[in-house]
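Chemist: Output the structure for:
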Amino acid sequence: MTTAGSSPNGAFPFPEGFVWGASTAAYQVEGAVRTDGRGPSVWDTFSHQPGNVRGGDTGDIACDSYHRYREDVALLASFGLNAYRFSISWPRVQPGGRGAANQKGLDYYRSVLDALGERGIAAVATLYHWDLPQELQDDGGWVSRDTAKRFADYCALVGSALGDQVSHWITLNEPQVVSSHGYRTGDHAPGIADDAAAAAATHHLLLGHGLAMRALRDVLPGGTPIGLAFDLHPVVLLGEDRTANLEQARSITDAELNGMYLEPILRGSYPAQAPASLVPPAALVAAGDMEAISQPIDFIGVNYYAAVYLRTGDPGDLRRNELVPRCAVPGVVEYRPARLEVTPMGWLVDPDGLYELLVRLSKDAPDVPLYITENGRAAEDYIDPEGAVHDPERVRYLHEHMEAAARAIKDGVKLAGYFVWSLLDNFEWGWGYQKRFGIVFVDFGTQRRIPKSSAEFYSQVARANALPPLPERWPGHLASATDD
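Modeler: Numbers count the residues shown, from 1 in each chain. Reported below is the predicted structural model:
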């Protein structure tokens, strides 16, 4: 394997065989929520309740990828990408979350896989990207241990039907977000705000992953890689005054955002630094659970968007760019450094955080390949009078984060691929259609797809398998200092 490093012309070459892909999720792009036997999911229910989603938006139509998947696969091919990460909708395959498969649902995904195969694009399938069948939620959802068992059955069913055409499988996408946003704060489906429910959901999500790993390995061709995609956030301390409270705050914050999900998978235990309210009670952890959860995984998926910064301060008297810390440690605040850009989502743009995260994971799991399974930013994209969509902020964002990834590879990290989030502008959960993450603009009124400047840039990177220097001029005037 070659190693990434700066070439004489200033480009960063990536290792031979590096994977360049784009990601989507079923509820965010497919639409067709009542077509061909699909059952309702928790996000169907949640989005139709007034006040839950900005503007009353739902995923009923989304990007209509259920009917337009061939067009979307053609876009992937036109960009020179060699992989597509998509999710399989549980209620499309098992409308009630249990029992026999809905054959029309499986046929749809087989058609997607056929289209990818015809273009030579590897399929990376996520089995759970948040669209739990509503019938299972009615029986307790992830608070119930039975849901973990049902998930394993569903994974075995899908793996048996489609496993011959899928390159890599991801069991869960971001269990931290499901637990914290869906069951602790109620900001996401199913809209529950209860610490005990969230703690139970955490354990049963991870148990579901472990049981699904076993079920998949029983039905998939030998050697098919199976992993999990984590939402991870480096925790960075600012200032030279490293008080005991500040160090404690870092440990607690890291445990909440990262350790609660990484450590059970990698070490077979929940982190000692985690607050008691986050840790599943012992009564929920049956004999053999942690062994199932911590069985070896074949790769780690890294979804990276932002780091968390902490510094000394008064949560009761916040200053500019300060926030109340989630860890609730006295004398500590979260902080948004003024030097860092903030996206329309309110997230910091911090490529150094990606580098630090990859290096940390390489040390924590030195023998496990890493993939960046999501990375991207929202921007205020629009169609200009010439009919084009220029997104220089996203071009800069992608360049800076790919450069951080290249530095990590140069320093020995086993990074095997990068998937941009997202291929398409889509239904962005509680923000509806306001927040655009795609490298392809979607006019939701007509479903017209318009590749943005970032798609052109990303295509150049993927085709060359190398990151060029940031161009002085780019559509939309990325760097205007050289303008005449």
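
Chemist: which residues touch the residue nearest to W20 when sequence neighbours are not counted?
Modeler: The shortest distance from W20 to any non-neighbouring residue, by C-beta to C-beta, 6 or more residues apart in numbering, is to A462 (3.7 Å). The way it works is simple: take the backbone N, C-alpha and C, and place the C-beta from them, glycine included. Neighbouring residues of A462 by C-beta atoms under 8 Å, 6 or more residues apart in numbering: 20, 79-82.

Chemist: how about 7 Å then?
Modeler: Going by C-beta atoms under 7 Å, 6 or more residues apart in numbering, A462 touches 20, 79-81.

Chemist: Helix, strand or coil: sort out it for me.
Modeler: Assigned with DSSP: H, G, I helix; E, B strand; the rest coil, A462 falls in the helix class.

Chemist: which residue packs closest to V73, ignoring adjacent ones?
Modeler: A115 (4.4 Å).

Chemist: Tell me, how many residues neighbour P351?
Modeler: 22 (other C-beta atoms under 10 Å).

Chemist: Let's test this: what are the backbone torsions at it?
Modeler: Phi and psi for P351, reported as degrees, to the nearest 10, are phi -60, psi -30.

Chemist: Isn't it up against H401?
Modeler: Yes. Between P351 and H401 there is a contact under C-beta atoms under 7 Å: 4.7 Å.

Chemist: packing partners for the longest helix seen in the chain?
Modeler: When the chain is parsed with DSSP state H, its longest helix is helix 195-219. Where contact means 3 or more C-beta pairs under 7 Å, 6 or more residues apart in numbering; DSSP states H and E, helix 195-219 is packed against helix 145-162, strand 168-173, helix 175-177, strand 226-232, helix 289-293.

Chemist: and R396, which of the ones you listed is closest to it?
Modeler: strand 226-232 (22.3 Å; C-beta to C-beta).

Chemist: any chance of the helices and strands packed on helix 195-219 in TSV, with mean neighbour count and mean pLDDT too?
Modeler: Shown next, in TSV, are those (neighbours: other C-beta atoms under 10 Å; pLDDT from 0 to 100):
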stretch	mean neighbour count	mean pLDDT
helix 145-162	21	98
strand 168-173	25	98
helix 175-177	21	98
strand 226-232	25	98
helix 289-293	19	98
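
Chemist: So for G417, which of the ones you listed sits nearest?
Modeler: strand 168-173 (9.0 Å).

Chemist: start to end distance for stretch 377-397?
Modeler: Separation of the first and last residues of stretch 377-397 by C-alpha to C-alpha, to the nearest Å is 7 Å.

Chemist: for that stretch, which positions count as buried?
Modeler: By neighbour count on 16 or more other C-beta atoms under 10 Å, the buried set for stretch 377-397 is 377-379, 381, 389-397.

Chemist: partners of the lowest-mean-pLDDT helix or strand in the chain in the sheet?
Modeler: Least confident helix or strand of the chain, by mean pLDDT, DSSP states H and E, is strand 12-13 with a mean of 92. Strand 12-13 has the following strand partners under DSSP bridges: strand 466-467 (antiparallel).

Chemist: Give me the packing partners of the helix or strand where I409 lies, helices and strands only.
Modeler: Secondary structure from DSSP states H and E places I409 in helix 392-410. Counting contacts by 3+ C-beta pairs under 7 Å, 6+ apart, helix 392-410 packs against helix 351-364, strand 415-421, helix 453-464, strand 466-467.

Chemist: and if we set it to 6 Å?
Modeler: Helices and strands touching helix 392-410, by 3 or more C-beta pairs under 6 Å, 6 or more residues apart in numbering; DSSP states H and E, are helix 351-364, strand 415-421, helix 453-464.

Chemist: can you pull the pLDDT of G239?
Modeler: What the model reports as pLDDT for G239 is 88.

Chemist: Are we agreed that it is in a strand?
Modeler: No. Checked against three-state DSSP, G239 lies outside a strand; its state is coil.

Chemist: and it, how many neighbours?
Modeler: 12.

Chemist: Spit out the contact partners of it.
Modeler: R311 (C-beta atoms under 6 Å, 6 or more residues apart in numbering).

Chemist: Would you mind giving the helices and strands packed on helix 392-410 as TSV with mean pLDDT and distance to F46 added?
Modeler: Below are the helices and strands packed on helix 392-410 laid out as TSV (pLDDT from 0 to 100; distance: least, C-beta to C-beta, whole Å):
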stretch	mean pLDDT	distance to F46
helix 351-364	98	30
strand 415-421	98	21
helix 453-464	97	30
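
Chemist: So which of the ones you listed has the densest surroundings on average?
Modeler: Mean neighbours per residue, mean count of other C-beta atoms under 10 Å, is largest over the helices and strands packed on helix 392-410 for strand 415-421, with a mean of 25.

Chemist: Strand partners (parallel or antiparallel) of that one?
Modeler: Strand 415-421 has these strand partners (DSSP bridges): strand 19-23 (parallel), strand 370-374 (parallel).

Chemist: Need the mean per-residue confidence for the last one.
Modeler: It stands for strand 370-374. Strand 370-374 carries an average pLDDT of 99.

Chemist: Just the CA atoms of that strand, as CSV, please.
Modeler: Coordinates of each C-alpha in strand 370-374 appear next as CSV, following Å, rounded to 0.1, in the frame of the first residue of the first chain:
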residue,chain,number,x,y,z
LEU,A,370,-11.3,3.1,9.4
TYR,A,371,-13.7,4.6,6.9
ILE,A,372,-15.0,8.2,7.0
THR,A,373,-18.6,7.2,6.4
GLU,A,374,-20.0,10.8,6.7
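
Chemist: Could you list the low-confidence segments of the stretch 1-150 of the chain?
Modeler: Where the stretch 1-150 of the chain drops to pLDDT under 70, the residues are 1-10.

Chemist: Any idea which of the helices and strands packed on helix 195-219 gets closest to G39?
Modeler: helix 145-162 (12.3 Å).

Chemist: just checking, A161 touches D107?
Modeler: No. When contacts are counted by C-beta atoms under 6 Å, A161 is not listed as touching D107 (9.5 Å).

Chemist: Next one: L207 from G140, what distance?
Modeler: 14 Å (C-beta to C-beta, to the nearest Å).

Chemist: The two - which one has more neighbours?
Modeler: Each of L207 and G140 has its neighbours counted (other C-beta under 10 Å); L207 has more, 27 against 15.

Chemist: what about the residue nearest to D195 when sequence neighbours are not counted, which SS state?
Modeler: Spatial nearest neighbour of D195, excluding adjacent residues (C-beta to C-beta, 6+ apart): S277 at 4.7 Å. Three-state call for S277 (three-state DSSP): coil.

Chemist: Tell me, how many residues neighbour S277?
Modeler: 11.

Chemist: Tell me the spacing between it and R92.
Modeler: 35 Å.

Chemist: now T343
Modeler: For T343, the distance to R92 equals 31 Å [C-beta to C-beta].

Chemist: do I300 as well
Modeler: Plainly put, I300 is 27 Å away from R92 if you go by C-beta to C-beta.

Chemist: higher neighbour count, the two?
Modeler: R92 (28 against 24).

Chemist: Can I get the strand or helix carrying that one in CSV, CA atoms only?
Modeler: In this assignment (DSSP H and E), R92 forms part of helix 90-93. Provided in CSV are the C-alpha atoms of helix 90-93 (Å, rounded to 0.1, in the frame of the first residue of the first chain):
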residue,chain,number,x,y,z
TRP,A,90,-36.6,-1.7,7.8
PRO,A,91,-40.3,-0.9,7.4
ARG,A,92,-39.9,-1.3,3.6
VAL,A,93,-38.6,-4.8,4.1
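
Chemist: what sits opposite the residue nearest to L423 when sequence neighbours are not counted in the beta ladder?
Modeler: Spatial nearest neighbour of L423, excluding adjacent residues (C-beta to C-beta, 6+ apart): A22 at 3.8 Å. With beta bridges defined as DSSP bridges, A22 has these partners: Y84, V420.
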